[in-house]
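Chemist: Here is my input, please return the structure:
(2 chains)
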2 protein chains.
Amino acid sequence: MDIVLLGSGNVATHLGGALVRAGHRIRQVYSRTAAPAQTLADAVGARATTDLATIDVQADVYIISVKDDVLAAVAAQLPPTLQGIVVHTAGSVDMAVLDEHAADYGVLYPLQTFSKAKAVDFATVPIAVEASDEAASVRLEALAGSLSRRVFRCDSKQRISLHVAAVFACNFTNHFYGIAADILNRYDLDFDLIRPLVLETAQKVMEHQPKDVQTGPAVRNDLRTMEKHLELLEADPALARLYRLISERIG
Amino acid sequence: MDIVLLGSGNVATHLGGALVRAGHRIRQVYSRTAAPAQTLADAVGARATTDLATIDVQADVYIISVKDDVLAAVAAQLPPTLQGIVVHTAGSVDMAVLDEHAADYGVLYPLQTFSKAKAVDFATVPIAVEASDEAASVRLEALAGSLSRRVFRCDSKQRISLHVAAVFACNFTNHFYGIAADILNRYDLDFDLIRPLVLETAQKVMEHQPKDVQTGPAVRNDLRTMEKHLELLEADPALARLYRLISERIG
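Modeler: Here you go, the predicted structure:
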């Protein structure tokens, strides 16, 4: 398909690369500022633009991958004559935000954490698809299916629940890795020592439900160990409270 | 080395298997009850016993891998004539608990999460070693080094900090996987949809420090998205509070 990419952040960059590798053509990359637009455009063999009035009206799909709070504004400035499907890629923005700005619209939400530093195998990334009508849905599923083996339909309400679940399973989890790193640091130990544990913990739930493999003092109701841990944490009362709160949830 | 294993839980079982594969001989397996003692003894080619008075006094190392609260009691009942090094494998128990019960003693703490269901490659498991004197330390490091590439010395205080860090990076993290599963469940979505995200989140910190790869609405200070998430969570006020608390820590 012929695609216009609006945005130049992590999602747009990873998505752009995956689209090109899947054989699609990226006609244009839009970004508010010239440098990032040009960088991504060069990477995907497209033209760069910083002016929404010059967006090519002949593309099949327009993918808006910008910050949530400017998403509607970008959609509003698209040329009214364009024929393709306009989609966004946000987890927590209702599809309806595009309703006034396009005839055919939808959402492609790739459920993964993207960072500039690390390549992602898009084939394994689940992509949630939602569309304004059945024809657009079929088109978007075909596009998503060319990138990933795991494409599924989900409405805006379900998509927010996916995003909230992702915050717990990814963002909050990473914060806990950071807490672990801080604790080790304080005792002259390296985060590297618990890297195998971090990986094993994730790998365990690849085949099991998290509840079935819960371990640790809280689930064993091992009060003595928890007391020792709270003693060690008492220098940081907020952290001790967090330890107690989560242990109570588990126990 | 000739080893006596005291305990038949997850750690004893995984450790026993790794010891045999590394070429050590397990002379005896002790457990309070006969069936688990026999099962593990059969698996590692040892004799089973449920009577601490019958423990072989000729072994090189006695590994006590029982619940923390019975650890001292098991150590106290060992025959006073034994010559080997007595160690425990607990993260949060001071080495001093063995002081009255053995001439040479120490700790071998494998920093990993063990479950019956899943094999663990011991070669990658960091093992923390502590001992009552330098000679015992060298012997225990040799034993640990025959199992794992990652052996390091650490005192009892550092070891508790490792255990606390492990609770955050493993047990609490798994609880968050469980929260994610519950949220998805409520919206007729499968936990399988976020498994790639869980794995990627762990893999990301294999090469980076957690703080450098923090993503999500909290670190972006994306208040609008956080408000939407709290709206979805409001049916479960405790969970909404937890979301707010961790977001504030990240932000």
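
Chemist: okay, CA-based contacts and neighbour counts for the rest of this
Modeler: Will do.

Chemist: how is chain A carved up into domains?
Modeler: Domain segmentation of chain A under automatic domain parsing yields A:2-154, A:160-250.

Chemist: Can you give the distance of the last one from its chain's centre?
Modeler: Just to be clear, that refers to domain A:160-250. Centre-to-centre, domain A:160-250 and its host chain are 22 Å apart (Cα atoms, centre = their mean, to the nearest Å).

Chemist: quick check: mean pLDDT across that domain?
Modeler: Averaging pLDDT along domain A:160-250 yields 96.

Chemist: so who does residue A:243 touch?
Modeler: Going by Cα atoms under 8 Å, 6 or more residues apart in numbering or on different chains, residue A:243 touches residue A:230.

Chemist: I meant residue A:168, not that one.
Modeler: Listed by Cα under 8 Å, 6+ apart, the contact partners of residue A:168 are B:176-177, B:179-180.

Chemist: ok, which of the residues you listed also contact chain A?
Modeler: B:176-177, B:179-180 (Cα under 8 Å from any Cα of the partner chain).

Chemist: now, among the residues you listed, which is nearest to chain A?
Modeler: residue B:180 (4.2 Å; Cα to the nearest Cα).

Chemist: Am I right that the closest one sits in a helix?
Modeler: Yes: if the criterion is DSSP: H, G, I helix; E, B strand; the rest coil, then residue B:180 is within a helix.

Chemist: Pretty sure it sits against residue A:171.
Modeler: No: counting by Cα atoms under 8 Å, residue B:180 stays clear of residue A:171, with 11.5 Å between them.

Chemist: Now do the strands in chain A.
Modeler: A:2-6, A:25-30, A:47-49, A:61-64, A:85-88, A:105-110, A:127-131, A:151-153 (DSSP state E).

Chemist: Could you provide the ones you listed in CSV, with additional columns for distance to chain B, mean pLDDT and mean neighbour count?
Modeler: Listed next are these as CSV, based on distance: least, Cα to the nearest Cα, whole Å; pLDDT from 0 to 100; neighbours: other Cα atoms under 10 Å in any protein chain shown:
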stretch, distance to chain B, mean pLDDT, mean neighbour count
strand A:2-6, 20, 98, 24
strand A:25-30, 22, 98, 24
strand A:47-49, 26, 98, 20
strand A:61-64, 17, 98, 26
strand A:85-88, 15, 98, 26
strand A:105-110, 10, 98, 27
strand A:127-131, 9, 98, 26
strand A:151-153, 9, 97, 19
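
Chemist: Could you export the ones you listed as a markdown table, including distance to residue B:18?
Modeler: Output for those, formatted as a markdown table (distance: least, Cα to Cα, whole Å):
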| stretch | distance to residue B:18 |
| --- | --- |
| strand A:2-6 | 53 |
| strand A:25-30 | 53 |
| strand A:47-49 | 58 |
| strand A:61-64 | 52 |
| strand A:85-88 | 51 |
| strand A:105-110 | 41 |
| strand A:127-131 | 41 |
| strand A:151-153 | 41 |
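
Chemist: Next, the contact list for residue A:153, please.
Modeler: A:128-130.

Chemist: go on, residue A:122?
Modeler: So residue A:122 contacts A:18, A:147-148 (Cα under 8 Å, 6+ apart).

Chemist: so which of these also contact chain B?
Modeler: Okay, of those, nothing touches chain B (Cα under 8 Å from any Cα).

Chemist: any chance of the contacts of residue A:153 in a markdown table, with distance to residue A:5 too?
Modeler: Below are these laid out as a markdown table (distance: Cα to Cα, whole Å):
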| residue | distance to residue A:5 |
| --- | --- |
| A:128 | 18 |
| A:129 | 17 |
| A:130 | 18 |
